[in-house]
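[1] Fold the following, please.
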Amino acid sequence: MAGRRRRPDRTTNGVHRTVRAASAALVLALGVGGCAGAEQSGSPAHRVSTWIDGGGGSGIGNVEVATRNVDLAIATHNKPSAVRLVCSLLSNEAQTSIGNLPSPDDQLTAKLNLAYEVATAAGDDCYRGAAGSPQLMARSATERARTLTLLGAAVDYVRSVTGHTPTTETTAPQGNSDPFGGGS
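    Here you go, the predicted model:
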């Protein structure tokens, strides 16, 4: 009976499969647990600070800058196409920042989620209104002002949790410069 392969015992093969599956599950669990960020351990202040430093703060800053860029483009009478561009950037920044949630603090997550939703609506209304709808532009202006107020409240909340003002730095226009160089 040379050349004939021995058929594996079903019980042994089944046990090997079960052991392999359990091993894979353990490795996966350890891998996921090992990937837990520093914002998931320590005091509430440490978790929030770590999350802010790890990108949460720049998300806040990016939405704030995008909001102010819309205001600046409108105030300097940019062409509707340029206004639409900064409006779409505002919506995109807000959506990107929503993707950074949740934060390690439920109240902070709720505050930022609301701010980012309002910013998205502001960008969307501005984009649609830039072609000539004063009603949509007025609604967007109200939403942009509310966005800045909500972001300020979130930063104040971070300050109350951590004891210091968070860094929300990002690249912003210097001084009162127009993001598109002005023009109508």
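[2] longest helix of this structure?
    The longest helix of the chain (DSSP state H) is helix 134-162.
[3] which secondary structure elements does it contact?
    Packing partners of helix 134-162 (3 or more Cβ pairs under 8 Å, 6 or more residues apart in numbering; DSSP states H and E): helix 44-51, helix 57-75, helix 80-99, helix 106-129. Glycine gets a C-beta too; all of them are placed from N, C-alpha and C.
[4] and the longest one with helix 44-51, angle?
    Direction vectors for helix 106-129 and helix 44-51, defined by axes from the mean of the first three to the mean of the last three Cα atoms, to 10 degrees, enclose an angle of 30 degrees.
[5] helices and strands of this protein: which one has the lowest mean pLDDT?
    Lowest on mean pLDDT, DSSP states H and E among the helices and strands of the chain sits helix 10-34, with a mean of 41.
[6] Buried residues, stretch 128-136. List them.
    129-130, 136 (16 or more other Cβ atoms under 10 Å).
[7] mind putting these in a markdown table, pLDDT and distance to residue 90 included?
    Formatted as a markdown table, the buried residues of stretch 128-136 follow (pLDDT from 0 to 100; distance: Cβ to Cβ, whole Å):
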| residue | pLDDT | distance to residue 90 |
| --- | --- | --- |
| 129 | 97 | 13 |
| 130 | 96 | 12 |
| 136 | 97 | 14 |
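[8] List just the nearest of the residues you listed to residue 69.
    Nearest to residue 69 among the buried residues of stretch 128-136 is residue 130, at 13.4 Å by Cβ to Cβ.
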